[in-house]
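> could you look at this predicted model? Sequence included:
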Amino acid sequence: MSTDTPLVIAVPSKGRLQENAAAFFARAGLELHRPGGARDYRGAIKGLPGVEVLFLSASEIVTQLASGAAHLGITGEDLVREQVLDADAAVELLTPLGFGNANVVVAVPQAWIDVRTMADLDDVASDMRARHGERMRVATKYINLTRGFFSAHGLADYRIVESLGATEGAPASGSAEIVVDITTTGATLAANALKILDDGVMLRSWANLVASMRADWGPTARAAVRTILTRIAAEEVARTTREVSALVPALDREALENLANRFSARLPFGAPASGAPATLVCPAGQVFALVDALSAAGADHVGVRKLEYAFRRENALAERLFRRLG
Ligand SMILES: Nc1ncnc2c1ncn2[C@@H]1O[C@H](COP(=O)(O)OP(=O)(O)OP(=O)(O)O)[C@@H](O)[C@H]1O
Ligand SMILES: O=P(O)(O)OC[C@H]1O[C@H](OP(=O)(O)OP(=O)(O)O)[C@H](O)[C@@H]1O
Ligand SMILES: [Mg+2]
């Protein structure tokens with residue numbers, strides 16, 4: 001039974017992702033409003049009816065997406081892969097967001113100089129089992145990811161010691177031999193005299209915009225998500241492109257189109273009428289090469305602008321979601 005519920009968006013309210021997530025929505029012109037203050041975990045988006053915001057921890061956001069209690073959320077891919085058994089059926093990772101980067105890795109004591117790969121680790125584990133009748137202990141909170149990765153490497157002689165914090169301290173404190181944890185700068189691993197195995201990167205994770213396939217996507221939720229994804233896409237296009245305008249009478253329509261193609265630029269308003277300036281939109285990284293080419297073609301004044309938003313009819317994010325939802 002489908003009912004017409006509001007769109008529920010889950011946003012990190014604490015931890016590593018909070019600030020970047022709030023900045024991400026702000027850039028897209030979506031102002032998160034928390035009427036009850038920091039203690040209230042429910043809010044709204046200013047000027048957007050039909051949307052409810054939940055302020056939760058990154059891990060709780062995964063739970064809400066997996067159950068369908070939230071339609072859309074921002075959280076780490078590491079948590080999605082760890083917490084949701086059938087992640088590809090339950091959720092759609094719409095796009096990585098360029099923040100919250102962390103690798104899930106297998107790390108062993110630096111003192112184990114002969115242990116560089118998962119195969120070496122397998123030898124150590126078998127050896128421990130054979131000589132001492134003990135299984136190698138792996139401290140982690142990534143239990144499912146660890147089981148999957150170890151079994152893919154044929155490593156079976158180990159047991160997991162569930163860790164709920166300060167995982168990297170486990171080998172020094174004697175509660176485990178090795179660890180599986182996330183790392184960004186590597187500082188915590190180094191401080192604990194641990195090293196990553198050469199083939200020990202299990203997952204390269206980023207914060208993602210994630211949609212739930214189990215939520216109730218009624219008309220109100222669909223309309224609201226389209227508005228939100230349109231703004232997000234418009235901000236992204238504006239941020240990654242530049243609008244270039246120039247008067248180039250020497251270039252006819254075909255020459256202008258060829259020049260645009262050379263720099264992966266578009267002519268959003270088509271070729272200009274004679275005597276009118278041309279407007280091109282190119283990737284930010286191509287802008288100076290394009291300016292040089294326009295100057296070489298006789299342009300006297302070339303203007304470059306960074307737009308605040310660039311709305312286009314097609315929106316890859318929304319299309320991806322609606323294709324999935326059917
Ligand atoms: N050092 C880091 N740099 C960048 N992103 C990180 C880093 N550590 C974690 N993340 C990302 O942020 C997510 C949430 O991490 P965070 O530390 O905020 O919460 P947590 O440790 O899972 O939970 P808790 O806040 O209860 O300790 C991680 O799962 C990962 O995707
Ligand atoms: O490679 P680095 O840049 O040193 O970052 C890695 C550390 O960051 C995370 O911990 P966090 O500080 O979030 O504390 P937590 O254990 O409470 O989650 C993670 O669990 C590592 O311990
Ligand atoms: Mg943390």
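Structure's in. What do you need? Numbers count the residues shown, from 1 in each chain. Ligands and ions are numbered 1, 2, ... in the order given.

> quick check: phi and psi at the closest residue to Asp40 other than its chain neighbours.
Spatially, and ignoring its direct neighbours in sequence, Asp40 is nearest to Arg34 (6.0 Å; C-beta to C-beta, 6 or more residues apart in numbering). Glycine gets a C-beta too; all of them are placed from N, C-alpha and C. Phi and psi for Arg34, reported as degrees, to the nearest 10, are phi -120, psi 90.

> residues contacting Arg34?
Taking C-beta atoms under 8 Å, 6 or more residues apart in numbering, we find Arg34 in contact with Asp40, Gly43, Val53, Phe55.

> buried subset of these?
Among the contacts of Arg34, those classed as buried by 16 or more other C-beta atoms under 10 Å are Gly43, Val53, Phe55.

> touching ligand 1 at all, the one helix or strand the second one maps to?
It refers to Val53. Applying DSSP states H and E as the criterion places Val53 in strand 48-56. No: figure legend: strand 48-56 not in contact with ligand 1 (C-beta under 6 Å from any ligand atom); closest approach 10.9 Å.

> ok, now stretch 76-91?
Yes: using C-beta under 6 Å from any ligand atom, stretch 76-91 reaches ligand 1 at Gly76, Asp78, Leu79.

> what about the residues you listed, which are in helices?
Among the residues of stretch 76-91 next to ligand 1, the ones falling in helices (DSSP state H) are Asp78, Leu79.

> could I get the residues of stretch 76-91 next to ligand 1 as a markdown table with pLDDT, distance to Leu209 and neighbour count?
Putting the residues of stretch 76-91 next to ligand 1 into a markdown table (pLDDT from 0 to 100; distance: C-beta to C-beta, whole Å; neighbours: other C-beta atoms under 10 Å) gives the following:
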| residue | pLDDT | distance to Leu209 | neighbour count |
| --- | --- | --- | --- |
| Gly76 | 98 | 12 | 27 |
| Asp78 | 98 | 15 | 26 |
| Leu79 | 98 | 14 | 24 |
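
> thanks a lot, see you next time.
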